[in-house]
Each structure stands twice: as C-alpha cells, then as structure tokens.
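Colleague: Provide a 3D model corresponding to the input given below.
(one chain, ligands or ions: 1)
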Amino acid sequence: MSLLSREQRGRALALMERVMREGAPIAPEYPLCFDERFPGRVLATEEDGRVVSACALLVRDFACGSRSVRVGLIGSVCTAPEARGRGLASALLRRAEEELAGEGCVLAMLWADDARFYEERGWSPIGAEVDFALEPAHEARLPGSAGLRAAAPDDRGAIHRLYTLQRERVERSPQETAALLAAPGMETLVLQRERDVVAYSCLGRGKDFARTIHEWSGSERDVLALVREHMRRARSRGEGGATFLITPATASGLHERLRGLGANWSEGVLAMGKLLQPEGAAALLAELAGPEASISVDGGVGAVVSLTGPSGSVELSAEELLGLLVPARGRRHGIDPVARATGLALSELPLPLFAWGLDSI
Ligand SMILES: CC(C)(COP(=O)(O)OP(=O)(O)OC[C@H]1O[C@@H](n2cnc3c(N)ncnc32)[C@H](O)[C@@H]1OP(=O)(O)O)[C@@H](O)C(=O)NCCC(=O)NCCS
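Modeller: From the prediction side, this is the model:
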C-alpha cells in the first residue's frame, strides 16, 4: 500500500477540487476517504513535486444476506487538464486495482461520469437497483404519518441501528455513519414514534443525488411516509418535477406498493465493476453453486475459471465470472445458459450486492 505524506495528500485534494468542484471543497462530501480517522486513502502521481493525477480508494465489506464480500471502491479519478492524454489516469487506475487486489478485494467498484473510459479498461456495468420517479401528483397518494421531522445530530446512533437492519448493505461503524450523515447538501428526515426513531431517509448529497432519496430504512409504510414528507418539503421550497427513490432489487414489497401508486420505475445498474481476484470470486461461486459444483482456477492474466456440474463444464473469463455473480440489472441471461450446460441450479445467483447512497465515493 502506498501512503502519501500529509502535504502530498493536500496537493492531491487540491487537484480533485480544481478538476471536479471548480475549486470548492470536496473532502466534507467523502469523509471516509479524506478524514484521517477513517480507512480510505488517496493515490497520486507526481511530476516535479506537483500532483498531476489522483484518485481515492476505500476498502469495504459488503453484507449480502449471510455472506460478506470485500470490495474496493475507487472515486474522484482525475488528471490535471494540462497533463491529460498521456496515460496517467490509466496507469493510476491499474495501480489502484493492484493495491485493492492485494488488500483482499474480490472486485472493484466505481461510479463513473464517463463509462466509456472505464469500459475500455476492462470495467463493466454490474449489480442492480430499482429506481422510482414520483411526480407531484403522487404525493397525496402516499401515506401520511405523525412524528416526521428533520434529523438532529443526536439521532445518528438510532439511524445507524436502523441502517444495520438492512440485509444488503456495506458494513460501517457507528462513527462512519455519523460522519456520512454530516455531509453537506443532504436532507435527512426521521420518523419518531413515542421515544423511538423507527425510520429515516436521506435525500441529496453534495453534488450527487439531486432530488433523489438514496438511503432509507424502516417499515414500508414508514418509508413511504418519509418520501411524502420529502416531497412536501420540496413543494414548499417551490421545487417542481419528480422526486426519485433508489431501492435495492430485493425490496419487492416496497416496489409493489409504489407500482400500485402508478409511479414510473426502471431497473438500473448499481455501479461499474471489475474483477480483481479470480480466486476469491471462484470461492464465492463455489459456495453459491452448491456441493455438486467443482471449480478450478487457472490463475494469471486473463484468468479462466472452469465450472463443472453433473452435466458438463464451462470455461469462464474474468468478465463472465463477474457477470455470473453480479450481472447488470440482475439479469439471468448469462446465468441460465451456464446452469443448463453444467446441470447446476445456480438459484442463489445473482448475489444481491447493494450499496446505499452514503457509501458511494
Ligand atoms: C477522465 C480523466 C481522468 C482521464 O485522464 P487522463 O490522464 O487524460 O487519461 P489517460 O491519458 O490515461 O487516457 C485518456 C486518453 O489518452 C490516451 N492515451 C494517450 N497516451 C496514452 C498512454 N501512453 N497510455 C494510455 N493511454 C494514452 C488514451 O487512449 C485515452 O483515450 P481513450 O479515453 O479514448 O481511451 C481526465 O480526463 C479527467 O480528469 N477528467 C475530469 C474528471 C472526470 O471526469 N473523472 C472521472 C470521474 S469518475
């Protein structure tokens, strides 16, 4: 792992602010990457004492039902305008991938402004979310509730406990959740019943998630009451147009209620991803594919995994393996042919990997 001095980190941050925020601060939006109390870090390339290219890294354990999957997050990839087109970001990205693989990450994930840049470097869309668009006319059809209010700093412990009730999530400490909730540009609401906070929701975050509720927890009815309150507040600020709600693909009860209201929805991808450790991914696939499966890994560059079941074997490239575990939009069209060819049910695939809005970097 390469560690920067405090001065180098300051110069890298200044470059990120210049390229991505027109000079405005970026660190308060991503405390887990830029606050020394937390485990994220910055990678940078320097020329003559100047940082010319930089990115942020954060290793996270994703809880997927009863499983844990280590994922490396990469964010704020940037090169100084005067140094572009020389392969600096490509080289830095490769370094980031190598370091994350060395730290046990099975895959890497990022949220790209320019997907093409990453697709040309072996990344592909992975995972699923279901996004709803609620128009102003839907507000009155959502349930109301007493006890809705803006979150206060001393609600952060209760919010963290509600967060940990989600089956699909990124593991976070209470301190990490508290720091993320203090990020600028976010409206966090809670629903309090008697003395207990029983639900919460977050809308907006820095420059991301405009008009979008990206993290929430609580009963379906309480979450819908929170959505209604965000919409009411937007209306009283004079904001027209839709309010968006991001949900995990597994939240089928909530999806049904929202469809029943007539809300428009679409299936989206979770992020861009790249397999970093074929061995780790093969071990995960072996667990998910059950006792009838056997897997062998042919390590090295362009590693191929072969998966064998009662009816036969298939050879998988790194990209195909990732597409089996966390296919874009959760589609099974890569999984079903493998199930037929091997005679394995593969019913535990895809893996319900999901990150809530506060986890993106
Ligand atoms: C996107 C960005 C990070 C690219 O930085 P960069 O250092 O210019 O990237 P690279 O030089 O590695 O690649 C850029 C192009 O130069 C080309 N190139 C030139 N010489 C090269 C070399 N020696 N090796 C590799 N690529 C080279 C690449 O082919 C690439 O073209 P492509 O995108 O069509 O494949 C930079 O433009 C940037 O900071 N943009 C604004 C911030 C941003 O959008 N970040 C992404 C958000 S997550």
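Colleague: Next, the contact list for Ala178, please.
Modeller: Shown in contact with Ala178 (C-beta atoms under 8 Å, 6 or more residues apart in numbering): Arg156, Gly157, His160. C-betas here are computed from N, CA, C, even on glycine.
Colleague: SS state for the residue in the stretch 151-300 of the chain that the ligand sits nearest to?
Modeller: Residue nearest to the ligand within the stretch 151-300 of the chain: Met272 (9.0 Å; C-beta to the nearest ligand atom). Of the three states, Met272 takes strand under DSSP: H, G, I helix; E, B strand; the rest coil.
Colleague: Show me what it bridges to in the sheet.
Modeller: Leu110, Pro125 (DSSP bridges).
Colleague: Surely it and Arg121 touch.
Modeller: No. Counting by C-beta atoms under 8 Å, Met272 does not reach Arg121; the two are 9.9 Å apart.
Colleague: As TSV, the contacts of Ala178 with secondary structure would be great.
Modeller: Converted to TSV, these look like this (three-state DSSP):
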residue	secondary structure
Arg156	helix
Gly157	helix
His160	helix
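Colleague: And for Gln175, the neighbour number?
Modeller: 13 (other C-beta atoms under 10 Å).
Colleague: Next, it: secondary structure please.
Modeller: Under three-state DSSP, Gln175 comes out as helix.
Colleague: need the residues of the chain near the ligand, please.
Modeller: The chain comes close to the ligand at residues 19-20, 53, 77-79, 84-90, 112-114, 117, 120, as judged by C-beta under 6 Å from any ligand atom.
Colleague: Next step: those residues restricted to strands.
Modeller: Under the assignment DSSP state E, these contribute Ser53, Val77, Cys78, Thr79 to strands.
Colleague: quick one, strands of the stretch 251-361 of the chain?
Modeller: Here the stretch 251-361 of the chain has its strands, by DSSP state E, counting those that start in this stretch, at 264-275, 294-298, 304-309, 312-316.
Colleague: Which one of the ones you listed lies nearest to Leu351?
Modeller: The minimum distance between Leu351 and those falls on strand 264-275, with 11.0 Å, by C-beta to C-beta.
Colleague: gap between that closest one and the chain center?
Modeller: 9 Å (C-alpha atoms, centre = their mean, to the nearest Å).
Colleague: hey, C-alpha coordinates of that strand in CSV?
Modeller: Taking C-alpha atoms only, strand 264-275 is exported to CSV below (Å, rounded to 0.1, in the frame of the first residue of the first chain):
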residue,chain,number,x,y,z
ASN,A,264,-42.8,5.2,-13.0
TRP,A,265,-39.8,2.9,-12.4
SER,A,266,-36.8,1.5,-14.1
GLU,A,267,-34.2,-1.2,-13.4
GLY,A,268,-30.8,0.4,-13.2
VAL,A,269,-27.2,-0.9,-12.7
LEU,A,270,-25.5,-0.5,-9.3
ALA,A,271,-22.1,0.7,-10.5
MET,A,272,-19.2,-0.1,-12.8
GLY,A,273,-17.2,-3.1,-11.6
LYS,A,274,-14.0,-5.1,-12.4
LEU,A,275,-13.0,-8.5,-11.1
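Colleague: Now do that strand against strand 304-309, angle only.
Modeller: 120 degrees (axes from the mean of the first three to the mean of the last three C-alpha atoms, to 10 degrees).
Colleague: hmm, back to that, is it possible to export the strands of the stretch 251-361 of the chain to JSON lines including mean pLDDT, mean neighbour count and distance to Arg331?
Modeller: Formatted as JSON lines, the strands of the stretch 251-361 of the chain follow (pLDDT from 0 to 100; neighbours: other C-beta atoms under 10 Å; distance: least, C-beta to C-beta, whole Å):
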{"stretch": "strand 264-275", "mean pLDDT": "97", "mean neighbour count": "19", "distance to Arg331": "8"}
{"stretch": "strand 294-298", "mean pLDDT": "90", "mean neighbour count": "14", "distance to Arg331": "22"}
{"stretch": "strand 304-309", "mean pLDDT": "92", "mean neighbour count": "20", "distance to Arg331": "19"}
{"stretch": "strand 312-316", "mean pLDDT": "93", "mean neighbour count": "15", "distance to Arg331": "17"}
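Colleague: Output those strands as TSV; include the columns distance to Asp222.
Modeller: Output for these, formatted as TSV (distance: least, C-beta to C-beta, whole Å):
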stretch	distance to Asp222
strand 264-275	20
strand 294-298	43
strand 304-309	43
strand 312-316	42
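Colleague: ok so Gly122 is a helix residue?
Modeller: No. Counting by three-state DSSP, Gly122 falls outside a helix, being coil.
Colleague: okay, the angle between the helix or strand of the chain with the lowest mean pLDDT and strand 312-316?
Modeller: When each helix and strand of the chain is scored by mean pLDDT, DSSP states H and E, strand 294-298 comes last, with a mean of 90. Angle between the axes of strand 294-298 and strand 312-316 is 30 degrees (criterion: the same axes, to 10 degrees).
Colleague: Which elements pack onto strand 294-298?
Modeller: Contacts defined by 3 or more C-beta pairs under 8 Å, 6 or more residues apart in numbering; DSSP states H and E place strand 294-298 against helix 278-289, strand 304-309.
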